[in-house]
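Visitor: from the sequence below, what's the structure:
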Amino acid sequence: MEQERKAKAKKKNKRFAITLIAIIIVGATFGIYKYIQGQRHEETDDAQVEANISPITPKVSGFVKKYYVEDNQHVNAGDTLVVLDDRDFIIKVKQAETVLAYAKANVQSSGANLQTAEENVQSSTYNSRAAEGSIELAKVKYERTLSDFKRYAELIKTKSITDQQFEQAQADRDAAASQLEVAKRQYEATTRETSAKKSQAVMSQKGISLAEALMKEREADLAFAKLQLSYCYILAPISGTVSKKNVQVGQLVQAGQSLYALVDDNDKWVVANYKETQVEKMRVGQTVEMEADAYSDITFIGKIQSISPATGAKFSLLPPDNSSGNFVKVVQRIPVKIVLDKTDNNKLLRAGMNVIVDVHLK
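Guide: Down below sits the predicted model:
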């Protein structure tokens, strides 16, 4: 009996030893595996899917005439999302067109005035030159008659000519002198007229420049009115899925008011917040495996695109200041941006989803 009890105790001790050895082997194997994996991988579950979210906002204020999309509806870039009441803006466009037409007519009128002024300058210049020529002719005639008068004055002393001939020479001299004076006055008048015409031409040139500047200003006003009219049609800037609908027919919306949120379906990435003690061996371009909490049977592949130049705490609204108060060391986290490889599985991911990230260090 005693011998049988000893045999059972011995057998039991042997089983315990085998079990203990097995546990040690399994524990050692698991520990070695985790150590080796820790040297080649860095994991974190503090990671979320990110995407570009574009706010759809009107650029002008107005009443909603119609909207075309509902929550969670896919749209393509350029699709019309909302139409505002455009009657006020159409009237402003017509007003701008009318004012522009008047400005163009003013430019044409100023051009005609300039042409007339230039023609008047040419005519006055011609008259002035003709008057200048008349002066030269009058001078020649005056000098000739003056010379005849002087000669006749000598001849009359010797009674070589009659008194009638002398008086005629004197009359011719006086008439030539009078004609010369008239020619000079006419030249002065034409000169003053030419100067006045040139001043009118300069004023006409300034007038047409001012009219052209005003016309360009009116063209800009018309372009702005048309631009404002185009803002009544709110289009999708990118392709994606619409969410957070906040618009109803007849609603008065203000410029900058959020009507939808448009999530870009084609541009998604993951931001993993690694502890500062984990990023020592991380480099841009390293391969990353990810597993979303919602799809545990699918592995998403990507690469590290960039590592943040500062910890997440530094970008917070109230960053911690270790120089004030008592200091407690807290391990900081550094955001790492991971871009996803282009696969159809990426369509399953939604912005904000939690993922488990595994970076392959080697």
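Visitor: where do the helices sit along the stretch 1-150 of the chain?
Guide: 2-40, 87-157 (DSSP state H, counting those that start in this stretch).
Visitor: state the phi and psi torsions of N246.
Guide: phi -140, psi 60 (degrees, to the nearest 10).
Visitor: start the count at 35 instead of 1 going forward.
Guide: In the new numbering, first residue 35, that becomes N280.
Visitor: burial of it, as a residue count?
Guide: When neighbours are counted by other CB atoms under 10 Å, N280 registers 12. (Each C-beta comes from the backbone N, C-alpha and C, glycine too.)
Visitor: where among the helices of the stretch 35-184 of the chain is average confidence lowest?
Guide: Least confident of the helices of the stretch 35-184 of the chain, judged by mean pLDDT, is helix 36-74 with a mean of 67.
Visitor: identify the residue spatially nearest to V127, adjacent ones excluded.
Guide: A259 (4.5 Å; CB to CB, 6 or more residues apart in numbering).
Visitor: after the helix or strand hosting the one you found, which helix or strand is next?
Guide: Element membership of A259 [criterion: DSSP states H and E] is helix 197-264. Next along the chain after helix 197-264, taking DSSP H and E as the criterion, comes strand 267-269.
Visitor: partners of that following strand, with directions?
Guide: Next to strand 267-269 in the sheet, as set by DSSP bridges, lie strand 114-118 (antiparallel).
Visitor: before we move on, the earlier item: pLDDT of the helix holding A259, averaged?
Guide: 75.
Visitor: how near is Q285 to V98?
Guide: 5 Å (CB to CB, to the nearest Å).
Visitor: one more: A139?
Guide: A139 is 39 Å from V98, where distance means CB to CB.
Visitor: who's more crowded, these two?
Guide: Between A139 and V98, counting by other CB under 10 Å, V98 is the more crowded of the two (19 against 12).
Visitor: OK, contacts around the residue nearest to V287 when sequence neighbours are not counted?
Guide: Spatially, and ignoring its direct neighbours in sequence, V287 is nearest to P92 (5.3 Å; CB to CB, 6+ apart). By CB atoms under 8 Å, 6 or more residues apart in numbering, P92 lies in contact with 116, 118, 265, 268, 287-291, 293.
Visitor: so what pLDDT did P92 get?
Guide: 95.
Visitor: check V103 too.
Guide: 94.
Visitor: does it touch A295 like I think?
Guide: No - judged on CB atoms under 8 Å, V103 makes no contact with A295 at a distance of 11.7 Å.
Visitor: which neighbours do these two share?
Guide: With CB under 8 Å, 6+ apart, V103 and A295 have common neighbours V276.
Visitor: who has more neighbours out of these two?
Guide: V103 (21 against 17).
Visitor: separation between that one and K93?
Guide: Taking CB to CB, one finds V103 at 18 Å from K93.
Visitor: buried sites along stretch 345-356?
Guide: Neighbour-count burial for stretch 345-356 flags T345 (criterion: 16 or more other CB atoms under 10 Å).
Visitor: who's in contact with it?
Guide: For stretch 345-356, the external contacting residues (CB under 8 Å, 6+ apart) are 307, 310, 364, 366-369.
Visitor: now the residues you listed as JSON lines including distance to V393?
Guide: What follows is these, written out as JSON lines (distance: CB to CB, whole Å):
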{"residue": "N307", "distance to V393": "13"}
{"residue": "E310", "distance to V393": "15"}
{"residue": "V364", "distance to V393": "23"}
{"residue": "Q366", "distance to V393": "18"}
{"residue": "R367", "distance to V393": "14"}
{"residue": "I368", "distance to V393": "12"}
{"residue": "P369", "distance to V393": "13"}
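Visitor: as CSV, those residues with secondary structure, pLDDT and distance to E177 would be great.
Guide: What follows is the contacts of stretch 345-356, written out as CSV (DSSP: H, G, I helix; E, B strand; the rest coil; pLDDT from 0 to 100; distance: CB to CB, whole Å):
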residue, secondary structure, pLDDT, distance to E177
N307, strand, 95, 110
E310, coil, 92, 111
V364, coil, 85, 115
Q366, coil, 91, 110
R367, strand, 93, 111
I368, strand, 94, 107
P369, strand, 95, 105
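Visitor: make JSON lines from those residues and add distance to Q220 and neighbour count to it.
Guide: Listed next are those as JSON lines, based on distance: CB to CB, whole Å; neighbours: other CB atoms under 10 Å:
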{"residue": "N307", "distance to Q220": "98", "neighbour count": "18"}
{"residue": "E310", "distance to Q220": "101", "neighbour count": "11"}
{"residue": "V364", "distance to Q220": "104", "neighbour count": "9"}
{"residue": "Q366", "distance to Q220": "99", "neighbour count": "16"}
{"residue": "R367", "distance to Q220": "99", "neighbour count": "19"}
{"residue": "I368", "distance to Q220": "96", "neighbour count": "20"}
{"residue": "P369", "distance to Q220": "93", "neighbour count": "18"}
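Visitor: for those residues, work out which two are farthest apart.
Guide: V364 and P369 (16.2 Å; CB to CB).
Visitor: Q288: neighbouring residues, count only.
Guide: With other CB under 10 Å as criterion, Q288 counts 10.
Visitor: correct me, but it touches V94?
Guide: No - Q288 is beyond contact range of V94, at 9.2 Å (criterion: CB under 8 Å).
Visitor: ok, the residue lying closest to V313 once chain neighbours are set aside - contacts?
Guide: Closest residue to V313 apart from its sequence neighbours, by CB to CB, 6+ apart: I368 at 5.4 Å. Residues near I368 by CB under 8 Å, 6+ apart: 307-310, 313, 341-342, 344-346.
Visitor: now do the domain split for the protein, please.
Guide: 89-120+268-287, 122-264 (automatic domain parsing).
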